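*Asks:* Sequence first, predicted coordinates after that:
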Protein chains: 2
Amino acid sequence: MNIGKAAEASGVSAKMIRYYESTGLIAAAERTQAGYRNYGQRDIDTLRFIRRARDLGFSVEQMHDLLALWRDQSRASADVKRIALQHVAELERKAQQLQEMSRVLTHLAENCHGDERPDCPIITGLAENDR
Amino acid sequence: MNIGKAAEASGVSAKMIRYYESTGLIAAAERTQAGYRNYGQRDIDTLRFIRRARDLGFSVEQMHDLLALWRDQSRASADVKRIALQHVAELERKAQQLQEMSRVLTHLAENCHGDERPDCPIITGLAENDR
DNA sequence: CTTGACCTTCCCACCGTGGGAAGGTTTATC
DNA sequence: GATAAACCTTCCCACGGTGGGAAGGTCAAG
């Protein structure tokens, strides 16, 4: 499977596949005689995993850890668990932050009548001087 | 007030103030004879507004809209509300995805704990189940 | 065999942010 | 009043991700 097909199958653009390869996030793909990259199902699975992690805002570095966790079955379970739970904690923290933002904004929006009148607590809320 | 003081007072770094000016998000500050930027209370208010919006995860583009609405006394609050709720939906979506990922990772940590089998069933599930 | 769709590498752009250099200005200290 | 520290200015560079596109090679279908 060439890079275009792999991109389509995984949801990761060809550009990004090359980029991930260049940064070492994924192993260099094998090549045909002509130099075309060649991908198998296993690679597609990896790319899909990457896409999901990326969609969730993981950095390349974090994805690196996630992939290692994902791939390396010979690791001590304590290590695996520690890394995983670390990431879980981070995910939870991020999710909480987002929800806090959402909560604040929703609160402001609830008090905004949303008509043609200019008064809007969202605006005044943002403009308030307190830190 | 020079840029350093303005940065301190607003919580936006001097670097970013210059950047926001360069991109047109804020108006060019007036200058002293020596070329130093000079800020007044009104500018500080604007910068604080920006910082808070930024903290809530608004993009520069969204901030542009919000600022216009903030400054426009004749705006309709509905416009503001629309932008805010749009952003809320985005935040919620992201938060949910993070929690979903957290759930998956927790599951992974609990079940794929380093035995010697070459394939972890959770992994294949991960790659298959999406989209 | 030609043509179009693909592939390769390469450089450029963007955003938002920070680092830092080179040079000018203000302020505080002696 | 001189000097040094702290500030300002512009400029370029870097990062992580991502896309655009050019120049050139390759594959497959007509």
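*Replies:* Received the coordinates, thanks.
*Asks:* and the angle for the lengthiest helix in chain A with helix B:77-111?
*Replies:* In chain A, taking DSSP state H as the definition, the longest helix is helix A:77-110. Regarding helix A:77-110 and helix B:77-111, their directions subtend 170 degrees when assessed with axes from the mean of the first three to the mean of the last three C-alpha atoms, to 10 degrees.
*Asks:* show me where pLDDT drops low in chain A?
*Replies:* Where chain A drops to pLDDT under 70, the residues are A:56, A:70, A:72-81, A:83, A:112-131.
*Asks:* What residues does it have near DNA strand D?
*Replies:* A:13, A:15-16, A:19, A:32-36, A:54, A:58-61 (C-beta under 7 Å from any atom of the strand). Where you see a C-beta, it was placed from the backbone N, CA and C, and this is true even at glycine.
*Asks:* residue ranges of the strands in chain A, please?
*Replies:* Ranges of strands in chain A, per DSSP state E, are A:30-31, A:37-38.
*Asks:* Excluding residues flanking it in the chain, which one is nearest residue A:66?
*Replies:* Nearest residue to residue A:66 in three dimensions, chain neighbours excluded: residue A:53, at 5.5 Å (C-beta to C-beta, 6 or more residues apart in numbering or on different chains).
*Asks:* you'd agree residue A:109 is up against residue B:78?
*Replies:* No: with contacts counted by C-beta atoms under 8 Å, residue A:109 stays clear of residue B:78, the gap being 10.8 Å.
*Asks:* Show me which of those two is the more surrounded one.
*Replies:* residue A:109 (22 against 15; other C-beta atoms under 10 Å in any protein chain shown).
*Asks:* Close to DNA strand C: what parts of chain A are there?
*Replies:* Counting by C-beta under 7 Å from any atom of the strand, chain A sits next to DNA strand C at A:2, A:3, A:4, A:5, A:7, A:14, A:18, A:35, A:36, A:37.
*Asks:* doesn't residue A:39 make contact with the second one?
*Replies:* Yes: Residue A:3 is within contact range of residue A:39, at 7.1 Å (criterion: C-beta under 8 Å).
*Asks:* Give me the common contacts of these two.
*Replies:* Jointly contacting residue A:3 and residue A:39 under the rule C-beta atoms under 8 Å, 6 or more residues apart in numbering or on different chains are residue A:29.
*Asks:* What's the separation between residue A:46 and DNA strand D?
*Replies:* 14 Å (C-beta to the nearest atom of the strand, to the nearest Å).
*Asks:* Tell me how many other residues surround that residue.
*Replies:* Using other C-beta under 10 Å: residue A:46 sits among 22 other residues.
*Asks:* give me phi/psi at residue A:24?
*Replies:* phi 90, psi 10 (degrees, to the nearest 10).
*Asks:* For it, give its distance to residue A:44.
*Replies:* According to C-beta to C-beta, to the nearest Å, residue A:24 stands 19 Å off from residue A:44.
*Asks:* Show me how the record splits chain A into domains.
*Replies:* A:1-58, A:72-131 (automatic domain parsing).
*Asks:* Can I get the ones you listed in CSV including distance to residue B:103?
*Replies:* Putting those into CSV (distance: least, C-beta to C-beta, whole Å) gives the following:
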stretch, distance to residue B:103
domain A:1-58, 12
domain A:72-131, 9
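*Asks:* Compare the ones you listed and give me the one nearest residue B:97.
*Replies:* Closest approach to residue B:97 among the domains of chain A is made by domain A:1-58 (5.6 Å; C-beta to C-beta).
*Asks:* Find the centremost residue of chain A, please.
*Replies:* Of all residues in chain A, the one closest to the mean position by C-alpha atoms, centre = their mean is residue A:54, 2.3 Å from it.
*Asks:* Residue A:51 versus the closest residue to that one other than its chain neighbours, what's the distance?
*Replies:* Using C-beta to C-beta, 6+ apart and skipping the chain neighbours, the partner closest in space to residue A:54 is residue A:63 (6.8 Å). Applying C-beta to C-beta, the value for residue A:63 to residue A:51 is 10 Å.
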